[in-house]
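Novice: Got a sequence here, can you model it:
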Amino acid sequence: MKIVIIGQQDFGKAVLEAFLARGDEVAGVFCAPEKEGARPDPLRLAAQEKGLKVYQLPSLKDAKAIEIMKELAPDIGIMAYVLQFAPQEFVNIPKHGTIQYHPSLLPLYRGPSSINWPIIRGDTKTGLTIFRPDDGLDEGPVVLQKETPVGPDDTLGSVYFDRLFPMGVAAMLEAADLVVAGRHKEVVQDEAVATYEGWCRAGESRINWNNHVDFIYNLIRGCNPAPGAWTTLLGKKVQVFDSRKHMFRTFGAVKGKVGEVSEIGTDSFRITAQGGQIEVFKIKHEDGKKVSAAEFVQAHGITVGTAFGS
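Specialist: I've put the predicted structure just below:
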């Protein structure tokens with residue numbers, strides 16, 4: 001089939017390479033312009049290395065974008081990690097329209113941080129959706145969905161890189177084949193159960209040590225590796241990454257005060273929370289790089305009783 005890729009970053013690159021690997025024709029690639037000082041977009045680089053036509057337009061709403069898409073005349077448009085708004089006038093130009101990837105089970109978790117939030121909320125499953133983009137935010141009819149479990153110790157990294165990323169690439173191929181062959185079914189999203197979540201950024205990823213250890217652990221793993229759940233140490237920002245949860249069934253079994261270091265081991269240290277402890281293995285001070293707990297303890301003089309969140 002003859003396709004146009006609209007996307008960016010590593011996921012867009014992987015989708016491009018998957019279509020090329022099986023012999024599909026890529027008529028052109030639309031990438032968002034890189035911001036000044038940002039690393040080169042992997043999708044743009046890959047497309048240019050393969051001699052493909054690359055278009056970096058400030059807006060897909062521009063008449064220029066419409067004109068280019070009409071000239072390319074693809075069978076189907078493939079949206080793979082797109083942050084630019086794509087109007088109906090643009091996405092409806094391909095012969096069989098356009099399909100888009102979203103890493104959640106729509107209509108749940110519409111929005112830009114849809115992988116973080118199911119983990120932060122403690123959900124036991126998530127998935128991906130291939131849908132028809134409309135002028136709403138992740139609201140178009142569903143073409144294909146795939147589920148994956150979320151284990152109690154899964155992180156954003158393990159859920160995305162181990163499952164939603166490769167599953168998403170394969171699902172884009174499958175959905176494109178179904179649509180072009182006319183064998184797909186479009187299911188309207190149920191607005192009664194729809195949810196929207198905004199960005200998971202610094203304001204949403206701050207650790208409150210007074211929360212239950214379950215909530216803190218879910219926040220840490222849902223923000224690992226990005227944006228990184230954080231706390232403070234002597235007024236400086238500290239991000240907590242690899243960790244483990246320890247729960248205690250009785251009140252008296254919990255050691256130390258909430259937010260304080262209660263134990264220090266050879267390769268980790270534990271911070272007390274409501275109902276248990278968070279054992280920290282990887283951590284990053286705002287003045288340094290991500291290091292092991294042992295390196296952090298030595299560098300910052302951590303002792304039993306050291307208070308985080310102050």
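Novice: what about the helices in the stretch 201-310 of the chain?
Specialist: Under the criterion DSSP state H, counting those that start in this stretch, the stretch 201-310 of the chain contains helices at 213-222, 293-300.
Novice: can I get the CA coordinates of the shortest one in PDB?
Specialist: What follows is helix 293-300 as a C-alpha-only set of coordinates in PDB (Å, rounded to 0.1, in the frame of the first residue of the first chain):
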ATOM      1  CA  ALA A 293      21.300   4.300  46.500                       C
ATOM      2  CA  ALA A 294      24.800   3.400  47.900                       C
ATOM      3  CA  GLU A 295      26.400   6.200  45.900                       C
ATOM      4  CA  PHE A 296      23.700   8.700  47.000                       C
ATOM      5  CA  VAL A 297      24.100   7.700  50.700                       C
ATOM      6  CA  GLN A 298      27.800   8.300  50.500                       C
ATOM      7  CA  ALA A 299      27.700  11.500  48.500                       C
ATOM      8  CA  HIS A 300      25.000  13.200  50.600                       C
END
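Novice: Quick check: Asn92 touching Thr98?
Specialist: Yes. At 7.4 Å, Asn92 counts as touching Thr98 under the criterion of CB atoms under 8 Å. In this view, the C-beta of every residue, glycine as well, is placed from N, C-alpha and C.
Novice: The two - which one has more neighbours?
Specialist: Per other CB atoms under 10 Å, whichever of Asn92 and Thr98 has more neighbours is Thr98, with 26 against 14.
Novice: For the more buried one, give the beta-bridge partners.
Specialist: Judged by DSSP bridges, the bridge partners of Thr98 are Gly77.
Novice: Model confidence score at it, please.
Specialist: Looking at Thr98, its pLDDT reads 98.
Novice: From Pro87, how far off is it?
Specialist: 11 Å (CB to CB, to the nearest Å).
Novice: any idea how far His184 lies from His96?
Specialist: 9 Å.
Novice: More neighbours: which of these two?
Specialist: A side-by-side neighbour count of His184 and His96, using other CB under 10 Å, places His184 first with 21 against 17.
Novice: Same question for the more buried one, what's its three-state structure.
Specialist: coil (DSSP: H, G, I helix; E, B strand; the rest coil).
Novice: Run through the residues that contact the spatially closest residue to it that is not a sequence neighbour.
Specialist: Distance criterion CB to CB, 6 or more residues apart in numbering; nearest residue to His184, sequence neighbours excluded, is Leu178 at 3.8 Å. Shown in contact with Leu178 (CB atoms under 8 Å, 6 or more residues apart in numbering): Val143, Leu144, His184.
Novice: now swap in Leu16 and tell me
Specialist: Listed by CB under 8 Å, 6+ apart, the contact partners of Leu16 are Ile5, Gly7, Val26, Val29, Leu43, Ala46, Ala47, Ala80.
Novice: would a markdown table of those residues with pLDDT be doable?
Specialist: Output for the contacts of Leu16, formatted as a markdown table (pLDDT from 0 to 100):
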| residue | pLDDT |
| --- | --- |
| Ile5 | 98 |
| Gly7 | 97 |
| Val26 | 98 |
| Val29 | 98 |
| Leu43 | 98 |
| Ala46 | 98 |
| Ala47 | 98 |
| Ala80 | 97 |
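Novice: from those residues, which ones fall inside helices?
Specialist: Judged by DSSP state H, the contacts of Leu16 include Leu43, Ala46, Ala47 as members of helices.
Novice: out of the residues you listed, which is most surrounded?
Specialist: Leu43 (28 neighbours).
Novice: ranges for the helices of the stretch 51-200 of the chain?
Specialist: Using DSSP H, counting those that start in this stretch, the helices of the stretch 51-200 of the chain run over 63-72, 88-91, 116-120, 156-159, 165-181.
Novice: So for Phe215, which of these sits nearest?
Specialist: In terms of CB to CB, the element of the helices of the stretch 51-200 of the chain nearest to Phe215 is helix 116-120, at 8.5 Å.
Novice: now that closest one: how far from the chain's centre is it?
Specialist: Centre-to-centre, helix 116-120 and its host chain are 10 Å apart (CA atoms, centre = their mean, to the nearest Å).
Novice: now stretch 56-63
Specialist: Computed by CA atoms, centre = their mean, the chain-centroid distance of stretch 56-63 equals 25 Å.
Novice: and Val193, how many neighbours?
Specialist: Look at Val193: counted by other CB under 10 Å, it has 8 neighbours.
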